[in-house]
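Novice: turn this into a model:
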Amino acid sequence: MIDSRCGLHCTGCGYKDSHSCGGCIETNGRPFHGECPIATCCQNKGLTHCGECEIIPCEKLYAYSYLDPEHGDKPQGARVDVCRQWAAESGKHKWKNVLLTSGGFCDWSSPPNPRTSIVERFAAILGKPLNEAKVLFIPTAAYSPEKPEPPEYVEKCRKDLEIIGIVPNNITSHDIDGSMTIDEAMKYDCICVNGGDTQYLLRKIKETGFDSIIKKFVYADKVYVGISAGSKIATPNIGEPYDKDTAGLCLIHAYISFHCPEGTEVKSDLPLPHIALSGGQALAISWRGYEVIKG
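Specialist: Residues are numbered from 1 along each chain as shown. Predicted coordinates:
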């Protein structure tokens, strides 16, 4: 039952009786405490709830759902999960094509060997032969002025795609600079975001609005692939869990460590599950949740 704009269930809420609150839908966005900016935003956009929005979670909803350890959602991001479920159940934004890798598609021993399970999942979510797929390759994290990667690193990551069957002419490199539009991005089957400096990458996607492009791309059920830093930005936060300045895309409701040795102990002091991925592992993400894939 859809009983709010933001995904916070009114059923069972103490304020319903104690403050005679009719909820944000029945009161046209003005529950007991006054006008709600989330409800007003939804109504102004003609949306039933936030799950129908192309950029969920926006900064407003993120603040309500993730940032306050005392009054925010428990578990963190719960109302975002609810809204996504509502959207999927109604047939809107039923996305299922996010693949977060720790070390890409290949094990770069000599010679490089494709990680079969990860490549097979990638091919399955593409829904077309690998040699027909058009990939937008984002190497931005490697170009950080503070922590630049050597040129051969970017070339290796691009070569990673070629080894598994992506045709070189079908790979377009784009260093995030604000010039890419959503219409241009939608011409591709996959956005593949490379590793490097995670903080620099996150800063660039926010400054240029590329974070919104990624979300719209994902919610159109196109394929997003992250490699290391490109995977890290898909989490709720790349820094401390309640730091708004390091807020991520929230495509997965878990925190992830990458390049971990086998058997790494997961953290138990975080507001969401912690996943320790080795270089040969990946996560397949959808609106329903996530699945660990061993390469």
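Novice: buried residues in stretch 86-102?
Specialist: Applying a neighbour-count criterion of 16 or more other CB atoms under 10 Å, one finds 86, 87, 88, 92, 93, 95, 97, 98, 99, 100, 101, 102 buried in stretch 86-102. Where you see a C-beta, it was placed from the backbone N, CA and C, and this is true even at glycine.
Novice: centre of the chain to stretch 141-149, how far?
Specialist: Relative to the mean C-alpha coordinate of its chain, stretch 141-149 is positioned 22 Å out (CA atoms, centre = their mean, to the nearest Å).
Novice: need the distance between the two termini of that stretch.
Specialist: 8 Å (CA to CA, to the nearest Å).
Novice: report the buried residues of it.
Specialist: Buried, per 16+ other CB under 10 Å, within stretch 141-149: 141, 142, 143, 144, 149.
Novice: excluding its backbone neighbours, what's nearest the last one?
Specialist: Spatial nearest neighbour of residue 149, excluding adjacent residues (CB to CB, 6 or more residues apart in numbering): residue 142 at 3.8 Å.
Novice: list the contacts of that neighbour.
Specialist: Taking CB atoms under 8 Å, 6 or more residues apart in numbering as the criterion, residue 142 is in contact with 148, 149, 153, 154, 157, 194, 195, 196, 197.
Novice: write a ChimeraX command that selects only the buried members of those.
Specialist: Those of the contacts of residue 142 that count as buried under 16+ other CB under 10 Å are selected in ChimeraX with:
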select :149,154,157,194,195,196,197
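Novice: which stretch of helix or strand covers the most centrally placed residue in the chain?
Specialist: Centroid-nearest residue in the chain: residue 251, 2.8 Å away (criterion: CA atoms, centre = their mean). Counting by DSSP states H and E, no helix or strand carries residue 251.
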